[in-house]
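Visitor: Give me coordinates for this.
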Amino acid sequence: MLTDLRRCVREDGGIRALPLVASSPGQDPYRVLGIAPTASAAEIKAAYRALVKQHHPDAGGDDHTILALNAAWEVLGDPQRRAEYDRRHAGCSTAATATAAVGRAARSASAQAARGDAQLLAWLQQVYAPIDRLLGQVINPFPAQLKALSADPYDDSLMLAFCNFLEQSQARLEKVQSLYGSMAAPPSAQGFSLSVYHCLSQVQDALAELERYTMGYVDSYLRDGREMLREAKRRRSLLQEERRRLEI
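Guide: Purely as a prediction, here's the structure:
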């Protein structure tokens, strides 16, 4: 068989011998024969025969392909040489597998990070941003509302205006609570989300104290409500600074 396969037809119709070459270091005999490294001896032989028949010069093939097939067969057709080849290339195969695994892990981590950024951005836009706006509509107008009431707390019209402000503020806080519960914060924003909740709670407690004041004119309620809103304003500013540091 090998003698026949090492011969090719000359242009004058004669037969010329082709040198039988060893497997080139740059060629993988398994790849040349199109088989897996786990192929059986019978599978190797069948693949070799089929390819030689397909690429034989009599069938329109070329010398170089036949030489490559012969070289691959010389390695894989001999159990001892095949075992030696497998041992020599085991380290390279392991390294290539490890490199591929690292590459897959890196791509997976990158995709996961992208998904995390997308989730964070969605939460910031759909939950935090409207909450911050609504809290600002409660916290920022309060000093002016308090100053107007201070002119004469017992004036019915001034007190009515102040009570209307508190009522509108409560309605805004209800929207804030609904927004906060509408979407869970992603893992990367758990701490930030908790700070938002603390700011919201501070405003809720302040409005409760101010509501008590309007019902009995107890100055301590007014003082406590004012200080709570000041603290809520400070916390809101810290949240805004942290949001800017997220750079998303």
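Visitor: Now stretch 121-139: buried residues?
Guide: By 16 or more other Cβ atoms under 10 Å, the buried positions in stretch 121-139 come out as 123-124, 127-128, 131-132, 134-135, 138-139. In this view, the C-beta of every residue, glycine as well, is placed from N, C-alpha and C.
Visitor: which stretch of helix or strand covers the residue nearest the centre of the chain?
Guide: By Cα atoms, centre = their mean, the mean C-alpha position of the chain lies nearest to Gln112, the distance being 1.8 Å. Counting by DSSP states H and E, the element that carries Gln112 is helix 79-123.
Visitor: does Phe162 sit in a helix, a strand or a coil?
Guide: Under DSSP: H, G, I helix; E, B strand; the rest coil, Phe162 falls in the helix class.
Visitor: what about it, neighbour count?
Guide: Using other Cβ atoms under 10 Å, Phe162 has 21 neighbouring residues.
Visitor: ok, for it, nearest residue in space, not its chain neighbours?
Guide: Once its chain neighbours are removed from consideration, Phe162 has its nearest residue in Leu149; the separation is 4.6 Å (Cβ to Cβ, 6 or more residues apart in numbering).
Visitor: That neighbour: what's it in contact with?
Guide: With Cβ atoms under 8 Å, 6 or more residues apart in numbering as the criterion, the residues that contact Leu149 are 158-159, 161-162.
Visitor: filter those residues to the buried ones?
Guide: 158, 162.
Visitor: Tell me the pLDDT of Arg82.
Guide: Per-residue confidence at Arg82 stands at 91 (pLDDT).
Visitor: Ala114 now?
Guide: In the predicted model, Ala114 carries a pLDDT score of 72.
Visitor: swap in Ala101?
Guide: Note on Ala101: pLDDT of 64.
Visitor: ditto for Arg88
Guide: 86.
Visitor: Repeat that for Leu146.
Guide: Model confidence at Leu146, given as pLDDT, is 96.
Visitor: Kindly report the same for Ala232.
Guide: At Ala232, pLDDT is 97.
Visitor: Can you tell me how far it is from Leu179?
Guide: The spacing between Ala232 and Leu179, counted by Cβ to Cβ, to the nearest Å, is 17 Å.
Visitor: higher neighbour count, the two?
Guide: Ala232 (24 against 18).
Visitor: helix or strand for that one, which one?
Guide: According to DSSP H and E, Ala232 maps onto helix 219-245.
Visitor: Need the buried residues of stretch 121-139 in CSV (columns: secondary structure and distance to Gln168).
Guide: As requested, the buried residues of stretch 121-139 are arranged in CSV below (DSSP: H, G, I helix; E, B strand; the rest coil; distance: Cβ to Cβ, whole Å):
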residue, secondary structure, distance to Gln168
Trp123, helix, 27
Leu124, helix, 26
Val127, helix, 22
Tyr128, helix, 22
Ile131, helix, 16
Asp132, helix, 17
Leu134, helix, 11
Leu135, helix, 13
Val138, helix, 8
Ile139, helix, 13
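Visitor: Quick one: those as JSON lines, columns for pLDDT and distance to Asp63 too.
Guide: JSON lines is the format used below for these (pLDDT from 0 to 100; distance: Cβ to Cβ, whole Å):
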{"residue": "Trp123", "pLDDT": "94", "distance to Asp63": "66"}
{"residue": "Leu124", "pLDDT": "94", "distance to Asp63": "67"}
{"residue": "Val127", "pLDDT": "96", "distance to Asp63": "71"}
{"residue": "Tyr128", "pLDDT": "96", "distance to Asp63": "71"}
{"residue": "Ile131", "pLDDT": "97", "distance to Asp63": "76"}
{"residue": "Asp132", "pLDDT": "97", "distance to Asp63": "76"}
{"residue": "Leu134", "pLDDT": "97", "distance to Asp63": "81"}
{"residue": "Leu135", "pLDDT": "97", "distance to Asp63": "82"}
{"residue": "Val138", "pLDDT": "97", "distance to Asp63": "87"}
{"residue": "Ile139", "pLDDT": "97", "distance to Asp63": "86"}
